[in-house]
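# fold the stuff below for me.
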Amino acid sequence: MKQHSGNIPGVAEAFIAGFSKELAGDDEWNIENSIEKGFQAARRLVQNGLSMNCTQPFIYNVKEIMGYTSSSQNKKEKLLRFPIPSDIISKGQSDWSILEHVVGQPGEIARCIVTEGIQANAVQVPLARFNRLVLFDRREIELFRDLSNSLTQYFAASQRRPLHIAIFGPPGSGKSFAATQVAKAASKGRKVRHLSFDLRRGNFYVDGSVARPIGPAVFFFGATGFNTKEKLKERPMSDFLGRVHGFVDMVGPNQVKDGHRSDELYLVRRAVVLRTLLEEREETLKSGETIQIDDSVLNGLLLTPQYHQGIHSMKSIISMSRLNNRTHFERAALPTKSQIKLFVDYKEWTDHMCGLRIDTSIREHLAEKLHEEYGVKISEPGFEEQKQGFGPWSQLSEDFKESSRAHAESIPSKLRLISCFLDMISAQPDRKLVEKFSERERF
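Next comes the predicted model:
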C-alpha cells in the first residue's frame, strides 16, 4: 500500500471508516475482520487516488473506497497474515524478523525473486519499497521508514539548516544506492536536486574565499570505515554522532558473520540486487517477467557467502559475462576462472554452483534410507544382477555410500522441479506438509 500512497490525504480516515463499518454491522464484533476491512478501504484509496471529476461533490470516491461498487468487490484483496512471535519478544529479543519466521527455505524464496521478480505469487513475504530500493528485513524496513518520515517532515516545512544522515555499512553494501532511492521517494513531486561528491578522492569544492550559508539541504554521509553505528561509538567520534540527525545500518548482500546465530536471510537480500543487476545488464534475458538463467550460474551468484567488495563484485562478474543479445544466462557465458577469483573465493564459488549442501547428518540419514528403498526395489523379480554385492548400509564400501550420498544431495534440486522444498520444519502455518507425491510428480 505504501508504494502507491504518495501524499494522498485521508488514508487513516479511510481505515477508520472501513473498520467502523464492518464492526458496526457484525453481531459478533469480530475485531480481526474489522481490521482487514479497514486496511482494504485504505488500500483502495491509495490505489485509486482522488477523483478529478469536477461534477462530483467530493474528491473521494466513497463508493469505491468502501467497497460498494462491483469493481471493488470483484478485486482480489487478500491480506497477508503473520503470527507475532510473542515467545521470542517476551525473552527480550528485539531483533526478530518476520521474514525469519514465515519463510520455510530462504533459498527458494530468493530463487523466485531472481527468476520471477518480487511480485511473484511464491514471494508471499512483507516488503517495503522506496523508489527502486526494495527491503524485506523488518529491521531495515523500520530504519528506512524512520528515515523516510524524517525526510518527508523536513521537506514539508520551511528549513534554514541542513539535515545530516549517516549511512553505515561495509564496502559494497549499497549505501549510495539506498541513500539516492530513499531521497527520491521522499522528495517525489518537489523541486529537489540530487548531487553526489566522493570526498575520498579529495574533491573539495571552494567558492574562492567567500563563505556562504548552505541553506536547506540533506547530507548523506557514507561511513565506509564503520559497518554499524555501534562500531563508530567504540571510537572517539561522539562529536560527529552528536551532529547527526538520523542513521541507517546497511547490511548488504554478504552473509553476516555473527557468533549468536546463522544469517540465512542474506540470500533474500542478495536476490533483490541480483535481479536488478541482471535486468540492467541484458534485457533479452527476460521472457515476460521471467529471467532465463542456468541453475548452476544462479547457485554461484546467489549462494556464495562472501563477495570481496559486495555489490561492486557482483556487478563486475555480471558485466564481464558474455551476455550481449543472449536470451539465456548459460554457464559458458561466465568470466574465466582468473577473473572470477578477483571477486570471490573460487573454491566456495564452485562448491556452491552445485547448490546448498545438505547438513551432513541429514545427508547421511537420507542416503541410508535411499539405500534401504533400493534394497526393497531389487528384492522384486527381475533384479537378480543388482542383488549381487548388495548388503546392509554398515557393510557397504565408501564408494557405494558416496553414490547414495550423491543421490541425497540431488533431492533439493529435484523437489524444486515440482515446486517443493526440503526443510526441517514447516515455518509458515499455511504451508502444506507433503506426505505423498502424485504419480505425475514422481515421474
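
# low pLDDT regions in the stretch 151-300 of the chain?
Scanning the stretch 151-300 of the chain for pLDDT under 70 picks out 198-212, 224-226, 230-240, 258-261.

# would you list every one of the helices in it?
175-186, 229-233, 238-241, 266-281, 295-303 (DSSP state H, counting those that start in this stretch).

# next, the buried residues of the first one.
Within helix 175-186, the residues scored as buried using 16 or more other Cβ atoms under 10 Å are 175, 177-183, 185-186. In short, each C-beta sits where N, CA and C put it, glycine included.

# just send these back as JSON lines, with distance to residue 362 too.
Putting those into JSON lines (distance: Cβ to Cβ, whole Å) gives the following:
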{"residue": "175", "distance to residue 362": "38"}
{"residue": "177", "distance to residue 362": "38"}
{"residue": "178", "distance to residue 362": "37"}
{"residue": "179", "distance to residue 362": "42"}
{"residue": "180", "distance to residue 362": "43"}
{"residue": "181", "distance to residue 362": "40"}
{"residue": "182", "distance to residue 362": "41"}
{"residue": "183", "distance to residue 362": "46"}
{"residue": "185", "distance to residue 362": "43"}
{"residue": "186", "distance to residue 362": "46"}
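
# considering those, which is situated nearest to residue 117?
residue 181 (17.5 Å; Cβ to Cβ).

# domain assignment for the chain?
11-66, 138-200+214-249, 264-354, 370-411 (the TED database).

# distance from the chain centre to the longest one, please.
If I follow you right, that is domain 138-200+214-249. Computed by Cα atoms, centre = their mean, to the nearest Å, the chain-centroid distance of domain 138-200+214-249 equals 21 Å.

# next, the distance between the ends of it.
13 Å (Cα to Cα, to the nearest Å).

# and the helices of the stretch 151-300 of the chain: which comes nearest residue 148?
helix 175-186 (5.2 Å).

# other SSEs contacting the closest one?
Judged by 3 or more Cβ pairs under 8 Å, 6 or more residues apart in numbering; DSSP states H and E, helix 175-186 is in contact with strand 128-130, strand 133-135, helix 138-156, strand 163-168, strand 218-223.

# save these as TSV, and put in distance to residue 308 and mean neighbour count too.
Shown next, in TSV, are the helices and strands packed on helix 175-186 (distance: least, Cβ to Cβ, whole Å; neighbours: other Cβ atoms under 10 Å):
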stretch	distance to residue 308	mean neighbour count
strand 128-130	27	18
strand 133-135	23	21
helix 138-156	23	16
strand 163-168	19	21
strand 218-223	19	19
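
# can you redo the ones you listed as CSV with distance to residue 113?
Shown next, in CSV, are those (distance: least, Cβ to Cβ, whole Å):
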stretch, distance to residue 113
strand 128-130, 13
strand 133-135, 9
helix 138-156, 15
strand 163-168, 23
strand 218-223, 26
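
# ok, which of these comes nearest residue 291?
Distance to residue 291, taken as Cβ to Cβ, is lowest for strand 133-135 among the helices and strands packed on helix 175-186, at 15.7 Å.

# partners of the closest one, with directions?
Using DSSP bridges, the strands paired with strand 133-135 are strand 128-130 (antiparallel).

# mind listing the helices for the stretch 301-443 of the chain?
For the stretch 301-443 of the chain, applying DSSP H, counting those that start in this stretch gives helices covering 311-320, 337-340, 346-352, 360-378, 384-387, 398-409, 411-416, 439-442.

# hey, which of those helices is tucked in deepest?
helix 311-320 (a mean of 19; mean count of other Cβ atoms under 10 Å).

# what residues does that helix touch?
Here helix 311-320 makes contact (Cβ atoms under 8 Å, 6 or more residues apart in numbering) with 171-174, 177, 252-253, 270, 273-274, 277-278, 281, 301, 307, 334-335, 339-340, 342-344.

# could you give the average pLDDT over that helix?
Helix 311-320 shows a mean pLDDT of 95.

# tell me what angle that helix forms with helix 175-186.
Helix 311-320 and helix 175-186 are oriented at 90 degrees to each other (axes from the mean of the first three to the mean of the last three Cα atoms, to 10 degrees).

# helix 311-320 versus helix 295-303: what angle between them?
Using the same axes, to 10 degrees: helix 311-320 against helix 295-303 is 160 degrees.

# re earlier: ok, which of the helices and strands packed on helix 175-186 comes nearest residue 367?
Residue 367 lies closest, by Cβ to Cβ, to one member of the helices and strands packed on helix 175-186: helix 138-156, at 37.7 Å.

# and that closest one, what does it pack onto?
When contacts are defined as 3+ Cβ pairs under 8 Å, 6+ apart, helix 138-156 packs onto strand 128-130, strand 133-135, strand 163-168, helix 175-186, strand 246-249.

# adding distance to residue 403, write the helices of the stretch 151-300 of the chain out as CSV.
Shown next, in CSV, are the helices of the stretch 151-300 of the chain (distance: least, Cβ to Cβ, whole Å):
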stretch, distance to residue 403
helix 175-186, 47
helix 229-233, 48
helix 238-241, 59
helix 266-281, 29
helix 295-303, 21
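
# closest one to residue 106 among the ones you listed?
Distance to residue 106, taken as Cβ to Cβ, is lowest for helix 266-281 among these, at 4.7 Å.

# so residue 357 versus residue 107, what's the distance?
In this view, residue 357 and residue 107 are 12 Å apart by Cβ to Cβ, to the nearest Å.

# rounded mean pLDDT for stretch 331-348, please.
For stretch 331-348, mean pLDDT is 95.
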